[in-house]
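Colleague: this is a predicted model, with the sequence first.
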Amino acid sequence: MGIDKLIFWASTFLYFLATIGYIIQFITLRKDAEKAATIILAGGFSLQSCYIILRWLNLRHPPFINLHEALSFLAWSIVGTYLIMQIKHKPKGLGAFVTPLVTIIMLIAATQPQASMLTLPPALRSFWLPIHATICLIGDAVFALAFCIAVMYMVQEHQIKKKKFGAVFKRLPSLTTLDQLNYLCLKIGFPLLTVGIITGSIWAEKAWGSYWSWDPKETWSLITWFLYAALLHQRLTVGWRGRRAAIMTIIGFLALGFTFLGVSLLMPGLHTYYVR
């Protein structure tokens, strides 16, 4: 096993340990468990940062070429985004929802071929590759956080409607806090998604001579954009809040997940990840 694979598995293991720590904190409300989980998570993030940098240096091109690399960078982006939110907003309980998702993404990444080509095809030899991929993947990470927050909102609302003010109710933020965090993620993620589509169109014109070709990835990216645009529009003009916004956020993320993973595996096209 090469040093890069060893680092990848070490970071995955630390994410798994952090998941256990956050779940223990969620159950017991022990602050020391949360602190330990956050330290472990930050350690995994640091290790994975080394993995991404090392892979970039060894391959001499940005590590976004195959599905393994894209999934790995997505998991890294989710962790980084969560750590920033944890420092700035300290939403209780969120770690117990985010870290299992990160661990699952890393395990899926591990099942994908990790070898990557040393010589890129002409379409990928562009400075737009790191720009477009980084913007899109960070935007996806923000929406992943919004998804976790929306799930927490639905759970908390269920507790309140059923008047079950018990253990789970006490461990989640208020509905107002969750809705505000959801909206914050939307305000950050939607511009990133928009810029990602724009930079992708510019890159497509340079590579294939057309800004838009209705490739499956392009089509589903546009569908996802319209879903989040509708949510943002409804929040700004109609005043959508709470449950409807949470449901729309979950639907948007499912569409985003299909665009990212489903299209790549089931609907080959110009944007299919290279897996050699």
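Modeller: Arrived safely. Residues are numbered from 1 along each chain as shown.

Colleague: let me see the contact set for residue 152.
Modeller: Counting by Cβ atoms under 8 Å, 6 or more residues apart in numbering, residue 152 touches 93, 94, 97, 172, 173, 178. No exception for glycine: its C-beta is placed from N, CA and C like everyone else's.

Colleague: of those residues, closest to residue 13?
Modeller: residue 97 (19.9 Å; Cβ to Cβ).

Colleague: give me the residues contacting stretch 46-57.
Modeller: Stretch 46-57 has contacts (Cβ under 8 Å, 6+ apart) with 3-4, 7-8, 10-11, 14, 62-63, 69, 72-73, 75-76, 79, 116.

Colleague: ok, now with 7 Å
Modeller: Among residues not part of stretch 46-57, those counted as contacts by Cβ atoms under 7 Å, 6 or more residues apart in numbering are 4, 7, 8, 10, 11, 14, 62, 63, 73, 76.

Colleague: please identify which of those residues is nearest to residue 44.
Modeller: Proximity of the contacts of stretch 46-57 to residue 44 (Cβ to Cβ) peaks at residue 14, which lies at 3.3 Å.

Colleague: about what we covered before: tell me which of the contacts of stretch 46-57 fall in helices.
Modeller: Assignment to helices by DSSP state H places the following of those there: 4, 7, 8, 10, 11, 14, 73, 76.

Colleague: quick check: the first one vs residue 222, distance?
Modeller: Residue 4 sits 35 Å away from residue 222, taking Cβ to Cβ, to the nearest Å as the criterion.

Colleague: the more surrounded of the two?
Modeller: Taking neighbours as other Cβ atoms under 10 Å, residue 4 and residue 222 compare with residue 4 leading, 18 against 14.

Colleague: which residues sit in contact with that one?
Modeller: By Cβ under 7 Å, 6+ apart, the neighbours of residue 4 are 51, 54, 55, 58.

Colleague: who wins on neighbours among the residues you listed?
Modeller: Going by other Cβ under 10 Å, residue 51 tops the contacts of residue 4 with 24 neighbours.
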